[in-house]
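Engineer: Structure of the sequence below:
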Amino acid sequence: MNKTLKISFALKNTYRVNSILYALKQMLLIKMILPSVLYGARGLKIFANILSAIWEILSAFLGKFIYLMCIYAIVAYGYDGYSNKSELFLHMLLFLTIIGAFMNTNLFNPSKEKYYAVFLMRMDAKQYVLINYGYAILKVVIGFMPFMILVGSMLDLPLWLDVILPFSIAGLKLFVAATSLWDYEKRGLAYNENRLGKFLWAFVALMIIVACGLPAVNIAVPQIVSTALFIAFVPLGIIGAVKVIRFDEYKAVFRDLFAQTQPFADKKTQALRKQSEKYISADTSITSDRKGFEYLNELFIKRHKNILWSASKMITYVCLVLIAGAIIATYVFPEFREVTNHLILNWLPYFVFIMYIINRGTGFTQALFVNCDHSLLTYPFYKQPGMILKLFAIRLREIMKINALPALVIGAGLSLLLFITGGTDNVLNYAVIIVSILCMSAFFSVHYLTIYYLMQPYNAATEIKNGMYQVVKVATYVVCYYMIKVRMPTIVFGTLTIVFCILYCMIACILVYRFAPKTFRLRQ
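Structural biologist: I've put the predicted structure just below:
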């Protein structure tokens, strides 16, 4: 047992440390500084181990603190009509605990660590479960204890109940895990917490409605009933613990779980392809008169027309309806004209965020990878600088056409609204609005295709394995969201947008030509 304990924790720590080092290695600036023998660098390993230890501590406490503080905030400030806040807290905690017992079991989560330990390293499955699941349950109790006492004191709950509640939460988790093991013995079906059935999802939805909806109409489980149920969870947990300890078929359970998920096969890619096949044309008469990459691209666009264009067309229809509604509103309510005119002439930066939301760049690049690049990236000719730039330009043209449809409607609609609501002294505003909206659309098209080529984030299983790619996506969101707060005359902001877009496109093409032959590859 001690040997299993040491190996298990060493495996978990190694996996986490290597993940941290890999993430550091993906960051462009750090990548240039870090040595190629990164995983053997002692100093960096020590640093990664420190981060791993910090993460382990945070995982035990931080999430539970945020969880309880959120419940407290909802109870304290969300239901003014319900005076008994301690009763309301126990009511919500009760039903959320029931949800967590089914959706966050740890035991039935088919993680890669379990696969490495049980099937690759051939560790004893039962010993592995007893150590790791026991540790997970211990983290639940220890992690909740200080914050449950804190929140309990704020709500005037008795201290003895504050101390019992963490054991109650852990107890229900143990009992639900035990019932799943009994069910496996009876029916031979392994419960997978990552693949909840429709009935269980319906049950979860019902629990959420009961937890949050009933207090809105001043109904909650009486405090004495909630307290009794939480106390009952403790002996139920003991019963569950006995079953977990006595169960001997954990390896068979894990085998069934991994048969469902296959964590290292490209099953996710296959699933995405199967889902896409519903919208991909199987018409064998589709052909093209073009040559080379133009031929490949035209066939791809024709066969995937429904995937690539359906969302863009739907967004366009919605934009048409909204613009028509806005135009009608200016005639029905004439007092809105002056306000609308002012907004159009000063709030153009707001549309940066709107164009970010409706842009189809991420979906386009994922469709490219799953249905095209996933296979072609294995050929050397596909990664030659000239070939990459040529195909990049072809694909950029196509994605810009897809995103330009709603952009043109928005730009023309705003110009029409500006004219209807009183117009402007500078007629250039009309043209600048249309062109700048189109440039925003073009920018996002270029941006997402560029980071796809420079950071190609997917591995063979369509998992994102490039941390820097995620960082860039988050940074893009933050900048676009910040633009909501910017107020600038349309003529100024629109002109800056056009110039910026042209410069960005030029720089993107240079970067793709220079670096994509090295970066545009399958991730490991």
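Engineer: separation between residue 63 and residue 55?
Structural biologist: In this view, residue 63 and residue 55 are 11 Å apart by Cβ to Cβ, to the nearest Å. Any C-beta I mention is one placed from the backbone N, CA and C, and that applies to glycine too.
Engineer: Mind checking which of the two has more residues around it?
Structural biologist: Shown here are residue 63 and residue 55; by other Cβ atoms under 10 Å, residue 55 has more neighbours (14 against 11).
Engineer: Helix or strand: which one has the more buried one?
Structural biologist: In the assignment (DSSP states H and E), residue 55 maps to helix 42-78.
Engineer: tell me the mean pLDDT over stretch 474-494?
Structural biologist: Averaging pLDDT along stretch 474-494 yields 89.
Engineer: in the stretch 251-400 of the chain, which ranges drop under the pLDDT threshold?
Structural biologist: 260-293, 296-297, 299-307, 371, 374-375, 377-379, 381, 383 (pLDDT under 70).
Engineer: ok, now with 80
Structural biologist: For the stretch 251-400 of the chain, the stretches with pLDDT under 80 are 256-310, 361-391.
Engineer: Nearest to the spatial middle of the chain, which residue is it?
Structural biologist: By Cα atoms, centre = their mean, the chain has its centre lying nearest to residue 470, at 10.0 Å.
Engineer: What strand or helix carries it?
Structural biologist: helix 467-482.
Engineer: Which is the succeeding secondary structure element to that helix?
Structural biologist: With secondary structure assigned by DSSP H and E, helix 467-482 is succeeded by helix 490-519.
Engineer: Which of the residues in that following helix are classified as buried?
Structural biologist: Under the neighbour-count criterion of 16 or more other Cβ atoms under 10 Å, helix 490-519 has 490-491, 493-494, 497-498, 501, 504-505, 508-509, 512, 515-517, 519 buried.
Engineer: What of stretch 95-109?
Structural biologist: Buried, per 16+ other Cβ under 10 Å, within stretch 95-109: 95, 96, 97, 98, 99, 100, 101, 102, 105, 106, 107, 108.
Engineer: Dump these into TSV; add secondary structure and pLDDT as well.
Structural biologist: Shown next, in TSV, are the buried residues of stretch 95-109 (DSSP: H, G, I helix; E, B strand; the rest coil; pLDDT from 0 to 100):
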residue	secondary structure	pLDDT
95	helix	93
96	helix	93
97	helix	93
98	helix	93
99	helix	91
100	helix	89
101	helix	88
102	helix	86
105	coil	78
106	coil	77
107	coil	77
108	coil	76
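Engineer: closest to residue 210 among those residues?
Structural biologist: residue 95 (5.4 Å; Cβ to Cβ).
Engineer: okay but the closest one is in contact with residue 211, surely?
Structural biologist: Yes: shown here, residue 95 and residue 211 form a contact pair, counting by Cβ atoms under 8 Å, at 3.7 Å.
Engineer: what's the helix or strand for the closest residue to residue 481 other than its chain neighbours?
Structural biologist: Once flanking residues are discounted, residue 481 sits nearest to residue 353: 5.9 Å by Cβ to Cβ, 6 or more residues apart in numbering. Residue 353 is located in helix 350-358, with elements delineated by DSSP H and E.
Engineer: what comes up buried for the helix or strand that that helix is followed by?
Structural biologist: Note on helix 350-358: by DSSP H and E, the next helix or strand toward the C-terminus is helix 361-368. For helix 361-368, burial by neighbour count (16+ other Cβ under 10 Å) applies to 361, 363, 364, 365, 366, 367, 368.
Engineer: I'd say the first one and residue 441 touch.
Structural biologist: No: the pair residue 361 and residue 441 does not pass the contact test of Cβ under 8 Å, sitting 9.8 Å apart.
Engineer: Give the residues shared as contacts by these two.
Structural biologist: residue 403 (Cβ atoms under 8 Å, 6 or more residues apart in numbering).
Engineer: Break the protein into its domains for me.
Structural biologist: 60-262, 293-519 (automatic domain parsing).
Engineer: For residue 428, grab the count of nearby residues.
Structural biologist: Neighbours of residue 428 (other Cβ under 10 Å): 13.
Engineer: gap between it and residue 490?
Structural biologist: Residue 428 is 9 Å from residue 490, by Cβ to Cβ.
Engineer: before we move on, what about residue 114?
Structural biologist: Relative to residue 490, residue 114 is positioned 57 Å away (Cβ to Cβ).
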